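Chemist: Structure here, sequence nowhere to be found:
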């Protein structure tokens, strides 16, 4: 759940306000079915489709303009530049958060469902994982996802001052592991255990050597990161439950 800036520079308050204005305007913009006029929503739709198909590196204002049958200059009348376009794409592709189960489930089940939904979102739109982080989220959809995670964490009984740090940790962990999952080469992952087994010195790496052949270092490992996500979240929720119980 991040905001992007291709330049890598920190977003200024003015930049952030301008991006937020664009995202919230896009969220409420309606596109008449019978008038296919150029709009922020149409531009963002085309850009998301292009990024899904070709990746973020191939995205340009010219590429999106060609998809819409207009000039790049026409796009700039609606969106100031590529950085703002990527910010709008990210929030739009994020979409609405998962609906809490009915009847209501426990807070743990709700967090687990949130994590699974975010994981699926990143695997559907892997280009989102290549968007640099320049600020906390400011778009309506990303904020709605964050709110949807804060709610079950709050019901767990955590102190208010711990809610945002923990929610940030969970969302960041899911994002980074999803990035790893989309970057791993299956052939390299399968050979990992064998490569290590030939090189690890038991005196220098005694614990790694003792774990060789177990899950995570198995030579038949296929590079699937999903079990790591599930295991990590389970342990984190165990800790939250234990910490909240006395309160």
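Modeler: Cool, the structure landed. The shown structure was predicted, so the numbers you read here are calculated from the model rather than taken from an experiment.
Chemist: Any idea which helix or strand in this structure has the lowest mean pLDDT?
Modeler: Lowest by mean pLDDT, DSSP states H and E among the helices and strands of the chain is helix 186-197, with a mean of 74.
Chemist: what comes up buried for it?
Modeler: 192-193, 196 (16 or more other Cβ atoms under 10 Å). Placement of C-beta: from N, CA and C, glycine included.
Chemist: So which residues make contact with the helix or strand harbouring residue 151?
Modeler: Remark: residue 151 resides in helix 140-155, with elements defined by DSSP states H and E. Around helix 140-155, the neighbours that count as contacts under Cβ atoms under 8 Å, 6 or more residues apart in numbering are 1-3, 23-24, 27, 90-92, 94-98, 100, 107-108, 110-111, 114, 118, 137, 160, 163-164, 166-167, 170-171, 240.
Chemist: from the residues you listed, which would you call buried?
Modeler: 1-3, 23, 27, 90-92, 94, 97-98, 107-108, 110-111, 114, 118, 137, 163, 166-167, 170-171, 240.
Chemist: Just confirm residue 204 is within a helix.
Modeler: No - assessed by DSSP: H, G, I helix; E, B strand; the rest coil, residue 204 does not belong to a helix; its assignment is coil.
Chemist: tell me, how many neighbours does it end up with?
Modeler: 8 (other Cβ atoms under 10 Å).
Chemist: For the one helix or strand residue 18 maps to, name the packing helices and strands.
Modeler: Assigned by DSSP H and E, residue 18 belongs to helix 13-28. Where contact means 3 or more Cβ pairs under 8 Å, 6 or more residues apart in numbering; DSSP states H and E, helix 13-28 is packed against helix 40-54, helix 82-94, helix 140-155.
Chemist: ok so, going back, residues touching the helix or strand that the least confident helix or strand of the chain is followed by, excluding its own?
Modeler: For helix 186-197, the following helix or strand on the C-terminal side (DSSP H and E) is helix 206-211. Helix 206-211 is contacted from outside by 196, 200-202, 217, using Cβ under 8 Å, 6+ apart.
Chemist: what packs against the very next helix or strand once past helix 206-211?
Modeler: For helix 206-211, the following helix or strand on the C-terminal side (DSSP H and E) is helix 226-244. Helices and strands touching helix 226-244, by 3+ Cβ pairs under 8 Å, 6+ apart, are helix 107-124, helix 160-183.
Chemist: of all those helices, which lies closest to residue 43?
Modeler: Closest approach to residue 43 among the helices and strands packed on helix 226-244 is made by helix 107-124 (20.3 Å; Cβ to Cβ).
Chemist: gap between the two ends of stretch 77-85?
Modeler: 12 Å (Cα to Cα, to the nearest Å).
Chemist: buried stuff in it?
Modeler: 78-79, 82-85.
Chemist: Of those, just say which sits nearest to residue 232.
Modeler: For these, the nearest to residue 232 is residue 83 (32.1 Å; Cβ to Cβ).
Chemist: Return the distance of that closest one relative to residue 176.
Modeler: Distance check for residue 83 against residue 176: by Cβ to Cβ, to the nearest Å, it reads 22 Å.
Chemist: Tell me which helix or strand the closest residue to residue 49 other than its chain neighbours sits in.
Modeler: Leaving out its chain neighbours, the residue that sits closest to residue 49 by Cβ to Cβ, 6 or more residues apart in numbering is residue 67, at 7.4 Å. Here residue 67 sits within helix 61-68, counting by DSSP H and E.
Chemist: Cool, thanks, talk later.
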